[in-house]
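S.K.: need the 3D shape of this:
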Amino acid sequence: GVEGCGVWSTRRRGCEIALDAMADLVADVPMLLFFGDSLSAYGLRVAGEQDLVNVGWLATLAAEYAVRADVIVRGCSGYNTRWAREFVLPRVSPLVSSTATSIVRDARSVGRRRAVVTLFWGANDAIASGFAQHVPLDEFERNLCAMVDALRGDEVEEDLSDETPRIAVQIVLITPPYVDGAMWDAHCRARDDAQQPQQQQAHRFDASKRDASDCEIEFEYGRCDALTAQYAEATRRVARE
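M.R.: Numbers count the residues shown, from 1 in each chain. Sure thing, here's the model as predicted:
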């Protein structure tokens, strides 16, 4: 029962004070939401307790911000922006908007808690046409814009009595990183060698879906830095807008 709440207090009143203090602490903590493909999903991986080298970048960040922020990761391995926009964004955007709305109702908390969302997409979209994950560059830009609009939501316009700033959702767009096509090919060949033929087929190039306007891709599995760089620049254009 309440009497056995341990280090907080052995008395009911002591527990109530402690819980109130915890609620105030949580209200002050910003939310950091990381929305992306496997580069975000694998960011939470930890190789082992003694392995401090192969720790995912988001696992490191979550540990660093353990007391200062709520770190939430929505990483969708293998997804492109088309699939994420259709299937995942409808579940992610309410998470951001509901957090902001619940805080706005308490004028004391507004402005102290912030929602920061990263969009880390493009690595899968940037595969050559003919592969299932490919998304044309213009559609990729539209998808990113749609994500930004959905996650921003409606601006909070309530008239508050104090002078604290209103809740704001800050969007950070991260460009898809450099890709080594030769290393990717080697990785994919090793993966295919370990799989059954029907599993291999899912990763194969389909010439019937090849866009003639695409630049030539010299690598078997459709990834090269020249193509990825176009998607990185498209991400920058969306950020500038």
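
S.K.: the helices in this structure, which residues?
M.R.: 12-28, 38-41, 57-64, 81-83, 89-104, 137-152, 181-193, 197-201, 225-240 (DSSP state H).

S.K.: which helix or strand in this structure has the lowest average pLDDT?
M.R.: helix 197-201 (a mean of 49; mean pLDDT, DSSP states H and E).

S.K.: okay, now the unreliable bits of the chain?
M.R.: Along the chain, segments meeting pLDDT under 70 span 1-29, 47-53, 98-113, 154-167, 195-217.

S.K.: swap the cut-off to 90 and go again
M.R.: Counting by pLDDT under 90, the ranges of the chain that qualify are 1-31, 44-56, 60, 63-70, 94-115, 130, 152-170, 187-188, 190-221, 241.

S.K.: ok, and the closest non-adjacent residue to residue 182?
M.R.: Using Cβ to Cβ, 6 or more residues apart in numbering and skipping residues adjacent in sequence, the residue nearest residue 182 is residue 219, 6.7 Å away. The way it works is simple: take the backbone N, C-alpha and C, and place the C-beta from them, glycine included.

S.K.: ok, that neighbour - contacts?
M.R.: 181, 182, 184, 185 (Cβ atoms under 8 Å, 6 or more residues apart in numbering).

S.K.: again, only using 10 Å
M.R.: Contact partners of residue 219, counting by Cβ atoms under 10 Å, 6 or more residues apart in numbering, are 128, 179, 180, 181, 182, 183, 184, 185, 188, 227.

S.K.: which among those residues gets closest to residue 32?
M.R.: Ranked by distance to residue 32 (Cβ to Cβ), the contacts of residue 219 are led by residue 179 at 26.0 Å.
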